[in-house]
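Peer 1: Using only what follows, build the 3D model:
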Amino acid sequence: MLYTLKNKIRNKIRGLKKGNLSVNDRCEFFEVDGWVLSDFILKKIIPITGVRPFPMGELELMTAAVCRIKPTHIFEWGTHIGKSARIFYEACKLYSPQTEIHSTDLPDTADHEEHPRNKRALLVKNIKAVHLHQGDGLDTSLQILKKATNIAGKTYGVNPLFFIDGDHSYDSVRRELQGIYAAFPQSHILLHDTFLQSKESEYNIGPHEALEEFLTDKRDKYQVIATETGLPGMTLLYRKSVT
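Peer 2: Predicted coordinates for the structure are as follows:
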């Protein structure tokens, strides 16, 4: 009986139309088709990007966010060679083709240990659907989003997803979370490097601390979905509605 039920569920989910892997859209909680999504990651994503810096669980959360949210815009900063932007692009191509992807990196003159120099955006530089920018990631992204809402003349038709993966310090992540929420509270937010270990590990726990502080009075506004088995860690703040 249990085997038959599992098969019925599996067949129902596999019967979803291509491009709509979100399951039970009318229900309260985030859900996608994990089987088909896993096939997509193995066949399409990993051959391009590998599993560093995003291991399997994080690749699933990144692509699942695209499938479920179907964002009108994706904003990210810390482009580097373009791995995250390429992951979002491949997912959007199948599951949310109207999404605009905007990736911002530091200016060429910036002095930073992770600056990619001439390899910046190597994996996406010839993809027209990925818009590349240089400057402050938060400020640049919010300027683009503000322009989009002015053109539309409304905000309820805009459904952004922000990916925070720049400077992983407490102060930076705190500023970015607060800035996004203040400017566009209905945004969904994905954060990288959010894994928390005890102080003996000497890990950088800034992103986790900033996230917990941000959620202090907002936890009821999000479904929080996180990979928590080890580094680097990723957390999605899924916003169903604005209250």
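Peer 1: Pull the residues that contact the lengthiest helix in the chain.
Peer 2: Using DSSP state H, we find that the single longest helix of the chain is helix 137-152. Helix 137-152 has contacts (CB atoms under 8 Å, 6 or more residues apart in numbering) with 72-73, 75-78, 100, 102, 104-105, 133, 155, 158, 160, 162, 166, 175-176, 179-180, 183-184. The way it works is simple: take the backbone N, C-alpha and C, and place the C-beta from them, glycine included.
Peer 1: all strands in the chain, in order from the N-terminus.
Peer 2: For the chain, the strands defined by DSSP state E occupy 73-77, 100-105, 130-134, 160-164, 188-192, 223-227, 234-238.
Peer 1: Could you dump those into CSV with distance to V124 and mean neighbour count added?
Peer 2: Shown next, in CSV, are the strands of the chain (distance: least, CB to CB, whole Å; neighbours: other CB atoms under 10 Å):
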stretch, distance to V124, mean neighbour count
strand 73-77, 11, 26
strand 100-105, 7, 24
strand 130-134, 4, 18
strand 160-164, 14, 27
strand 188-192, 17, 24
strand 223-227, 24, 16
strand 234-238, 20, 23
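Peer 1: possible to save those strands as CSV with mean pLDDT and distance to V51?
Peer 2: Below are the strands of the chain laid out as CSV (pLDDT from 0 to 100; distance: least, CB to CB, whole Å):
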stretch, mean pLDDT, distance to V51
strand 73-77, 97, 19
strand 100-105, 97, 20
strand 130-134, 97, 21
strand 160-164, 98, 17
strand 188-192, 98, 14
strand 223-227, 97, 13
strand 234-238, 98, 13
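Peer 1: will you turn the ones you listed into a markdown table that also has distance to A121?
Peer 2: What follows is these, written out as a markdown table (distance: least, CB to CB, whole Å):
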| stretch | distance to A121 |
| --- | --- |
| strand 73-77 | 11 |
| strand 100-105 | 7 |
| strand 130-134 | 5 |
| strand 160-164 | 15 |
| strand 188-192 | 18 |
| strand 223-227 | 26 |
| strand 234-238 | 21 |
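Peer 1: so which of those comes closest to P55?
Peer 2: P55 sits nearest to strand 223-227 of all the strands of the chain, at 8.0 Å, using CB to CB.
Peer 1: The closest one pairs with which strands, and in what direction?
Peer 2: Using DSSP bridges, the strands paired with strand 223-227 are strand 234-238 (antiparallel).
Peer 1: Alpha carbons of the partner strand, as CSV, please.
Peer 2: Only the C-alpha atoms of strand 234-238 are listed here, as CSV (Å, rounded to 0.1, in the frame of the first residue of the first chain):
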residue,chain,number,x,y,z
MET,A,234,22.6,28.7,2.6
THR,A,235,19.3,30.2,3.9
LEU,A,236,16.2,31.2,2.0
LEU,A,237,13.8,33.7,3.4
TYR,A,238,10.6,32.9,1.5
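Peer 1: if we can go back for a sec, can you mark which positions in the longest helix of the chain are buried?
Peer 2: Residues of helix 137-152 classed as buried by neighbour count (16 or more other CB atoms under 10 Å): 137-138, 140-142, 144-145, 148-149.
Peer 1: which among the residues you listed gets closest to R120?
Peer 2: For these, the nearest to R120 is G137 (13.6 Å; CB to CB).
Peer 1: Which pLDDT value goes with that closest one?
Peer 2: Looking at G137, its pLDDT is 96.
Peer 1: which stretches of this structure have low pLDDT?
Peer 2: Where the chain drops to pLDDT under 70, the residues are 1-19, 109-116, 151-156, 242-243.
Peer 1: and the buried residues of helix 137-152 as JSON lines, adding distance to E209?
Peer 2: Shown next, in JSON lines, are the buried residues of helix 137-152 (distance: CB to CB, whole Å):
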{"residue": "G137", "distance to E209": "20"}
{"residue": "L138", "distance to E209": "18"}
{"residue": "T140", "distance to E209": "25"}
{"residue": "S141", "distance to E209": "23"}
{"residue": "L142", "distance to E209": "23"}
{"residue": "I144", "distance to E209": "28"}
{"residue": "L145", "distance to E209": "26"}
{"residue": "A148", "distance to E209": "32"}
{"residue": "T149", "distance to E209": "31"}
